[in-house]
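Asker: got a sequence here, can you build the structure:
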Amino acid sequence: MLYPIEQTSKLFDNLPPELRAAILSEDTADSIRLVCERNKITDQMSDLAILVGNVLLGLLAPGDLPSALIGEMRVPANKAKNIAQEINRLILYPVRDKLAELYKEISPIRNGVSNGVS
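Answerer: Modelled structure (predicted):
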């Protein structure tokens, strides 16, 4: 899903440096291209890049990536699983600790509870 630039820009500015670097990295772009080529979805490269960016921004939980691939990109379930595994291995795994911190931090907010409230 494409979010308004104002929202994504604000989220980007508040990210840890490692996640900002991952979003802007040439390696990330190369990995997305490689995954698209391997899975024969090069015509949907920009859509995959948006989904990966959403994960890195905290807008899409990594575990929801396969569902987003199926729902938003109309990728078959078995292919979506493979793509998500490759994205996890190539892009998300190197920043897994920072991603875990980010999602731990935003999880209470998504559940209707502000930070610091039990």
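Asker: which residues of this protein score low on pLDDT?
Answerer: 107-118 (pLDDT under 70).
Asker: so which helix or strand takes in the residue most central in space within it?
Answerer: Residue closest to the mean C-alpha point of the chain, counted by CA atoms, centre = their mean, is Val55 at 2.1 Å. Using DSSP states H and E, Val55 sits within helix 45-57.
Asker: quick one: list the elements packing against whichever helix or strand comes after that helix.
Answerer: Sequence order places helix 65-73 as the next helix or strand after helix 45-57, per DSSP H and E. Counting contacts by 3 or more CB pairs under 8 Å, 6 or more residues apart in numbering; DSSP states H and E, helix 65-73 is packed against helix 45-57, helix 77-87. C-betas here are computed from N, CA, C, even on glycine.
Asker: tell me which of the ones you listed sits most buried.
Answerer: helix 45-57 (a mean of 21; mean count of other CB atoms under 10 Å).
Asker: got the angle for that one vs helix 65-73?
Answerer: Using axes from the mean of the first three to the mean of the last three CA atoms, to 10 degrees, the inter-axis angle of helix 45-57 relative to helix 65-73 is 140 degrees.
Asker: so which elements touch helix 45-57?
Answerer: Helix 45-57 packs on helix 5-13, helix 17-24, helix 26-38, helix 65-73, helix 77-87, going by 3+ CB pairs under 8 Å, 6+ apart.
Asker: neighbouring contacts of that helix?
Answerer: 1-3, 8, 11-12, 15, 19, 22-23, 28-29, 32-33, 35-36, 41, 60-62, 65, 68-69, 72-73, 83, 87, 91-92, 95, 99 (CB atoms under 8 Å, 6 or more residues apart in numbering).
Asker: measure how buried the closest residue to Leu90 other than its chain neighbours is and give me the count.
Answerer: Among residues not flanking Leu90 along the chain, Ser31 sits closest, at 4.1 Å (CB to CB, 6 or more residues apart in numbering). Using other CB atoms under 10 Å, Ser31 has 18 neighbouring residues.
Asker: check the gap between Ser31 and Glu6 for me.
Answerer: Using CB to CB, to the nearest Å, Ser31 is found at 28 Å from Glu6.
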